[in-house]
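**Q** No letters, just coordinates:
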C-alpha cells in the first residue's frame, strides 16, 4: 500500500492525526510525572517521532 493513499485520503489522514494527537498528549502527561532523566529523554524522543509523523503528508507529497 502506498503512503499516498493514506495521507491523501481525508478520512484516513484525519483519523491518523487524531490518534497521533492523543498519543502526543499522553506522552506529555507522562513527561510531567517522570523524574528519571533517561525516561524524560525517551519521552521527548517519542513526542518528536510522533510530531514528525504529523508532517508525513508534506514529505510524501514532495514538500520540504
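**A** Sure thing, it's come through. Everything numeric here is computed off the predicted structure, so don't read it as measured data.
**Q** When you work out contacts or count neighbours from here on, use the C-alpha atoms and nothing else.
**A** Noted.
**Q** pLDDT weak spots in the chain?
**A** Counting by pLDDT under 70, the chain shows low-confidence ranges at 1, 64.
**Q** who's in contact with the residue nearest the centre of the chain?
**A** Note on the chain: the residue nearest the mean C-alpha position is residue 50, at 2.1 Å, using C-alpha atoms, centre = their mean. Contacts for residue 50 were tallied using C-alpha atoms under 8 Å, 6 or more residues apart in numbering; they are 20, 23-24.
**Q** Going along the chain, name the helices of this structure.
**A** Taking DSSP state H to define them, one finds helices in the chain at 3-7, 10-33, 37-54, 56-60.
**Q** In stretch 17-29, which residues are buried?
**A** 17, 20-21, 24, 27 (16 or more other C-alpha atoms under 10 Å).
**Q** Repeat that for stretch 30-40.
**A** 31, 40.
**Q** Mind listing residues that contact it?
**A** 43-44.
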